[in-house]
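Colleague: next comes the sequence, and after it the predicted model I'd like to discuss.
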Amino acid sequence: MARGKEVRVTINLECINCFRDSGRIYRGISRYTTQKNRRNTPIRLELRKFCRYCGEHTIHKEMKK
């Protein structure tokens, strides 16, 4: 039986500092994969995660699919 929309969805988080600084030497963009509950969190997710390219904890925002 197929469901309409799944409650838990897989999302990608992307570093906002690496995204903004991509004009300089391209080092890469930090990305994380996680899941969220669509019913409890309908807005875009923002988490502080470690960015290996920036070398510090930065805000990672949910990307568009």
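Modeller: Yep, it's here. Residues are numbered from 1 along each chain as shown.
Colleague: doesn't R39 belong to a helix?
Modeller: No - R39 is assigned coil when assessed by DSSP: H, G, I helix; E, B strand; the rest coil, not a helix.
Colleague: state the distance from it to V9.
Modeller: To V9, R39 is 11 Å away according to CB to CB, to the nearest Å. No exception for glycine: its C-beta is placed from N, CA and C like everyone else's.
Colleague: looking at the two, which has the bigger crowd around it?
Modeller: The neighbour count for R39 versus V9, taken as other CB atoms under 10 Å, is higher for V9 (12 against 9).
Colleague: for the helix or strand where that one lies, buried residues please.
Modeller: Taking DSSP states H and E as the criterion, V9 maps to strand 8-15. Residues of strand 8-15 classed as buried: I11, L13, E14, C15 (neighbour count, 16 or more other CB atoms under 10 Å).
Colleague: same question, stretch 53-60
Modeller: Going by 16+ other CB under 10 Å, stretch 53-60 has these buried residues: T58, H60.
Colleague: contacts for that stretch next, please.
Modeller: Residues from elsewhere that reach stretch 53-60 (CB atoms under 8 Å, 6 or more residues apart in numbering): 13-18, 27-30, 32, 46-51.
Colleague: do stretch 29-44 as well
Modeller: 5-15, 18-19, 22, 45, 47, 49, 51-54, 58, 60-63.
Colleague: still on that earlier bit, from the contacts of stretch 53-60, list the buried ones, please.
Modeller: So, by 16+ other CB under 10 Å, the buried ones in these are L13, E14, C15, I16, N17, C18, I29, S30, K49, C51.
Colleague: dihedrals phi and psi, the last one?
Modeller: So that's C51. C51 adopts backbone torsions of phi -100, psi 120, taken as degrees, to the nearest 10.
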